[in-house]
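Trainee: need a structure here:
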Amino acid sequence: MKKVIVFLGIYSLVINSLIAQITFEKSYRKLNDVEIAKSCDLTNDGGFIIASGEKSVNNTARFDAILKLNAWGDTVWYTQFQILSNSGNLQFVRNSNDGGYYLLGVREDSTGDHQFMIWLAKYNNNGNIVWLKNYTTTLLNASTEGNTIKVKPDGSLFMWLKPLSLLNYSTAGFTHQSTSFYNPNNSFVSKNNLLLSDTNFYYLVTNNLSNTYRVVQANLIGGINSSVVLNVDTGSTVIELLKKTSSSYYTTSFPNQLIGGKSPFMVSKFDSAGTKNWNKFYDFIDASVYYRNVNLELANKTNIVSFIPVTNGFNPPNGKASIFCFNDNGDSLWYKQLSPSDTSAKTEIFDVIATPDSGLFAVGQIVFSNGQQKSYMVKLDANGNLYNPMKIVERKKEIYLHVYPNPATNYTGLHYMGIDKNTLLTISDLQGKQVFSKQLDTNDERIYIDTSILDAGFYICSICVNGEKLTSKKLVVIN
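Mentor: Numbers count the residues shown, from 1 in each chain. This is a model prediction of the structure:
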């Protein structure tokens, strides 16, 4: 029996209306437990792909997920999966250069040969799995963190394993080669110290006994081409490689000695022979409060370093992740603390990527004072300001309408931008019968609609002015 919706009931379809998105800053939690966004990358259509994992509690079932957002921050699709019970541990996602995505994780070794094994998966652009492969290897130690993947220009990839090994894979996930890194005794290599070019990659080897730092250049199958020792000041610690130009190396560190009662963040520049050109100190970033996480170069050639708060409590502003931008002369350009609307929440950033507009996209988690945790994602422009999609829509003189989830069961969300006053949002069935309408008074809003009381079928969501449809989207309702 068809459901009859009278005019007075049209507005009862609205579950919630969130006015003025304005900026691109989101939190997300759909998994059964605590969800943490761990990694992200650009998609071929200008959006973002995000890998998130559930923090297992008391060895209960654990799930991972990948989420695709469009350029304006709206959800395109969300895929949840389970690799193995409570030990999936999804760590990285990367664009495979063919419209799909590589996922990397570590799980318990089901063969019993070793404690851990790698799983590597390929997903297509619709969030469907293409293949999944497991690799058991002696190259993994008891620490399941510290692994990453880099995609080569041809779409194949290599995997940087902790501790200090390189695996090359084809686009079908087959192992090409396994290589151990140059790593003298008492040395350390950080996962953040891997810089990739079209033909080579660079990494930094730290010798803890001699306090020396060597930049190694290797080809894409792990062969060593050259190396240079950096003339680092005595007392500097936890050196990491930030950037390699044609004639210089840039590193980041915290000095051991206190300066003005603080251990300030430091950037150093070296020439191609390893001779130091300069050190720059930034005392507003204190090692007792923050530790570094991601080093990055933006599209405009400025440099980014992200920081995670050391404190385990909820103590703003020390409980806020932050991002620092500077140029190749070491001049400070901007510094941004990431603070969601709940000022008591702690923010942590785990991955940052550069965007083509010289801005950045970052993902991590929000930890609330009541113990809840959600994935956190934010886009900043080239000046460190929260990105405003509506400005782009208005400049292009476009009208934007996005519908998700679609197909919908219990509800769907409609996000619109770029409208004028006296604009009407309508939902009609294929016979033209209107089941919902709302006068739009703001030019950026999300409206959540209860679709459980609609008949299953196809509907048309439209933005209209004076009876003229300016844009429309199809909505599928499944009951």
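Trainee: What segments of the stretch 51-200 of the chain are strands?
Mentor: Secondary structure of the stretch 51-200 of the chain (DSSP state E, counting those that start in this stretch): strands located at 64-69, 75-81, 90-95, 101-108, 116-123, 129-136, 148-151, 157-161, 165-169, 175-180, 187-188, 195-196, 200-207.
Trainee: lowest-confidence stretch among those strands?
Mentor: Out of the strands of the stretch 51-200 of the chain, strand 175-180 stands lowest, with a mean of 56 (criterion: mean pLDDT).
Trainee: Glu348: how many residues sit nearby?
Mentor: Number of residues near Glu348 (other C-beta atoms under 10 Å) recorded here: 22. C-beta: built from backbone N, CA, C; applies to glycine.
Trainee: And it, how close does it get to Phe265?
Mentor: 18 Å (C-beta to C-beta, to the nearest Å).
Trainee: What of Val215?
Mentor: In this view, Val215 and Phe265 are 20 Å apart by C-beta to C-beta.
Trainee: Also Ile463?
Mentor: Distance of Ile463 to Phe265, given as C-beta to C-beta: 48 Å.
Trainee: what do you get for Asp233?
Mentor: 14 Å.
Trainee: If you count surrounding residues, which of the two has more?
Mentor: Between Asp233 and Phe265, Phe265 has the larger neighbour count (other C-beta under 10 Å), namely 23 against 13.
Trainee: which ones are touching that one?
Mentor: 252, 254, 281-282, 285-287, 290, 292, 305, 307, 324 (C-beta atoms under 8 Å, 6 or more residues apart in numbering).
Trainee: again with Lys320
Mentor: Per C-beta under 8 Å, 6+ apart, neighbours of Lys320: 309, 337-339, 346-347.
Trainee: Out of these, flag the one nearest to Ala382.
Mentor: Ala382 lies nearest to Leu338 out of those, by C-beta to C-beta, at 16.6 Å.
Trainee: isn't that closest one right next to Gly319, touching?
Mentor: No. If you go by C-beta atoms under 8 Å, Leu338 and Gly319 don't touch, sitting 10.6 Å apart.
Trainee: any shared contact partners between the two?
Mentor: Common contacts of Leu338 and Gly319, defined by C-beta under 8 Å, 6+ apart, comprise Thr347.
Trainee: now the helices: where do they sit in the protein?
Mentor: 7-10, 389-395 (DSSP state H).
Trainee: which stretch in the ones you listed has the least confidence?
Mentor: The stretch with the lowest mean pLDDT among these is helix 7-10, at a mean of 40.
Trainee: mind listing what Asn225 touches?
Mentor: By C-beta under 8 Å, 6+ apart, Asn225 lies in contact with 200, 217-219.
Trainee: Now which of the residues you listed would you call buried?
Mentor: With burial judged by 16 or more other C-beta atoms under 10 Å, the buried subset of these is 217-218.
Trainee: Of all pairs in the contacts of Asn225, which one is the farthest apart?
Mentor: Across the contacts of Asn225 (C-beta to C-beta), the longest gap, 8.3 Å, separates Gln217 and Asn219.
Trainee: what residues do those two have in common as contacts?
Mentor: Counting by C-beta under 8 Å, 6+ apart, the residues touching both Gln217 and Asn219 are 200, 225.
Trainee: returning to that earlier point: ok, so of the contacts of Lys320, who is nearest Asp331?
Mentor: Relative to Asp331, the closest of the contacts of Lys320 is Gln337; by C-beta to C-beta it sits at 19.8 Å.
Trainee: mind checking pLDDT for the closest one?
Mentor: pLDDT, Gln337: 88.
Trainee: ok, now how distant is it from Lys320?
Mentor: Gln337 is 4 Å from Lys320, by C-beta to C-beta.
Trainee: Hmm, Phe270 and Asp277 touching each other?
Mentor: Just so we're on the same page, residue 277 is Asn rather than Asp. Yes. Asn277 lies in contact with Phe270 (C-beta under 8 Å); the separation is 6.4 Å.
Trainee: Comparing those two, which residue is more hemmed in?
Mentor: Per other C-beta under 10 Å, whichever of Asn277 and Phe270 has more neighbours is Phe270, with 22 against 13.
Trainee: Look up which residues are beta-bridged to that one.
Mentor: Tyr249, Lys276 (DSSP bridges).
Trainee: for it, what are its contacts?
Mentor: Shown in contact with Phe270 (C-beta under 8 Å, 6+ apart): 230-231, 248-251, 276-277.
Trainee: what does Lys26 give?
Mentor: Shown in contact with Lys26 (C-beta under 8 Å, 6+ apart): 69, 73, 376-378.
Trainee: what does Leu401 give?
Mentor: Neighbour list for Leu401: 414-416, 461, 463, 471-473 [criterion: C-beta under 8 Å, 6+ apart].
Trainee: 7 Å instead?
Mentor: 414, 416, 461, 463, 471, 473 (C-beta atoms under 7 Å, 6 or more residues apart in numbering).
Trainee: now, among those residues, which is nearest to Leu204?
Mentor: Nearest to Leu204, judged by C-beta to C-beta, of the contacts of Leu401 is Tyr416 at 48.1 Å.
Trainee: what about the residue lying closest to that closest one once chain neighbours are set aside, distance to Trp77?
Mentor: Spatially, and ignoring its direct neighbours in sequence, Tyr416 is nearest to Leu401 (5.1 Å; C-beta to C-beta, 6 or more residues apart in numbering). From Leu401 across to Trp77, the span is 17 Å (C-beta to C-beta).
Trainee: hang on, the earlier thing: nearest to Ser452, out of the strands of the stretch 51-200 of the chain?
Mentor: strand 75-81 (19.4 Å).
Trainee: Reformat the strands of the stretch 51-200 of the chain as TSV; add distance to Ile453.
Mentor: Below are these laid out as TSV (distance: least, C-beta to C-beta, whole Å):
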stretch	distance to Ile453
strand 64-69	28
strand 75-81	23
strand 90-95	37
strand 101-108	36
strand 116-123	34
strand 129-136	34
strand 148-151	46
strand 157-161	47
strand 165-169	49
strand 175-180	53
strand 187-188	60
strand 195-196	52
strand 200-207	56
